[in-house]
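predicted model follows, preceded by the sequence.
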Amino acid sequence: MAESSSVPRSPAVQIERLSAGFGPRNVLYGMSLTAEAGRVTALIGPSGCGKSTALRCINRLHERDATAWVRGVVSLVDAPRVSDVYAAGTDVSALRQRIGMVFQYPTPFVTQSIFDNVAAGVRVGQPGIARARLEQAVEEALVRAGLWREVADRLRSSAMALSGGQQQRLCIARALAVHPDVLLLDEPTASLDPIATQRIEELLYDLRGSVTMLLVTHNMQQAARISDTTAVLLDGLIVECAPTRQLFTTPRDSRAEAYVMGRFG
Ligand SMILES: Nc1ncnc2c1ncn2[C@@H]1O[C@H](COP(=O)(O)OP(=O)(O)OP(=O)(O)O)[C@@H](O)[C@H]1O
């Protein structure tokens, strides 16, 4: 099987006037951003400016904090269909399968095998799925995550027997197994060495076209290498969003320019 994807295009993510915070504390101040369908949108900005909070508002992880609040609109747009992420009655677990997330540190289920890690979401979404179909879903996800060849002969081993980079690709496979529309990537290579980082970057690049990705990164070279669009978040607002090459060569906003030139943050 070729290690590439052939699933259909995903919807765009549209964020409009998003404000969010914790208790009396405001973190996002009415930010707007569109992550185009099937593209990689990088979200960059100094530490503490609200990048993770913005990502966590998209799949409604933010609201798990007892003091968290959110206002504004987040939609998945697959014209003419528009799904409001915060619509009353939304099945939040199903939403989080549609909008997968990968974190800075790999988060495999530590007591489970490689197979069971990838199968977890499929079992939840399709209880009673036939064994052969489950095995096929796991294999497909591992192939898409570029991990199949490394683990095919040890699917029953513990996920903890994998290297950090492999664990991160396992987490990506776990997210891909349920065919998400969107992948939220919160500094997915920050804990990895350069070789493992390169594998993940190649993987994300290859997933373009089949999944809409939002990538939070402190690594501007990484944003430049793999994103189509880059948005600069400063103090809870997007100050510039542009095609990546343009943003890094001829930014229009003076604050965005100062940030990408390393003059602050
Ligand atoms: N659970 C929380 N309760 C209160 N404040 C929080 C909580 N989580 C985050 N914050 C604050 O919200 C602000 C934004 O945090 P966030 O993690 O979104 O920023 P970030 O841009 O992703 O930062 P970094 O690049 O350092 O990861 C920070 O000042 C942070 O201290």
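Perfect, I can see it now.

contacts and neighbour counts: CA atoms only from here.
Fine.

and the residue of the stretch 151-265 of the chain closest to the ligand?
Across the stretch 151-265 of the chain, no residue is closer to the ligand than His218, which sits at 6.9 Å (CA to the nearest ligand atom).

that residue should be in a helix, yeah?
No: secondary structure of His218 (DSSP: H, G, I helix; E, B strand; the rest coil): coil, not part of a helix.

give me the buried stretch members for stretch 92-104, please.
Buried residues in stretch 92-104, counted by 16 or more other CA atoms under 10 Å: Leu95, Arg96, Gln97, Arg98, Ile99, Gly100, Met101, Val102, Phe103, Gln104.

repeat for stretch 128-147
Leu134, Ala137, Val138, Glu139, Glu140, Ala141, Leu142, Val143, Arg144, Ala145, Gly146, Leu147.

check what pLDDT the fourth one gets.
Yep, that's Glu139 we're talking about. Looking at Glu139, its pLDDT reads 97.

dump the residue contacts of it.
Trp148 (CA atoms under 8 Å, 6 or more residues apart in numbering).

could you look up the SS state of it?
helix.

please tell me how far it sits from the ligand.
33 Å (CA to the nearest ligand atom, to the nearest Å).

and the last one, by the same measure?
Per CA to the nearest ligand atom, Leu147 is found 27 Å from the ligand.

same deal with the first one?
Using CA to the nearest ligand atom, one gets 35 Å for the distance from Leu134 to the ligand.

how many neighbours does Cys49 have?
By the criterion of other CA atoms under 10 Å, Cys49 has 19 neighbours.

sorry, wrong one. I was asking about Ala87.
11.

CSV for the buried residues of stretch 92-104, including secondary structure and pLDDT?
Listed next are those as CSV, based on DSSP: H, G, I helix; E, B strand; the rest coil; pLDDT from 0 to 100:
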residue, secondary structure, pLDDT
Leu95, helix, 93
Arg96, helix, 91
Gln97, helix, 89
Arg98, helix, 92
Ile99, strand, 95
Gly100, strand, 94
Met101, strand, 95
Val102, strand, 95
Phe103, coil, 94
Gln104, coil, 92
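
ok, the residues you listed vs the ligand, which is closest?
For these, the nearest to the ligand is Gln104 (9.2 Å; CA to the nearest ligand atom).

related to what we said a few turns ago, wait, the residue of the stretch 151-265 of the chain closest to the ligand sits on Gly48?
No: judged on CA atoms under 8 Å, His218 makes no contact with Gly48 at a distance of 11.5 Å.
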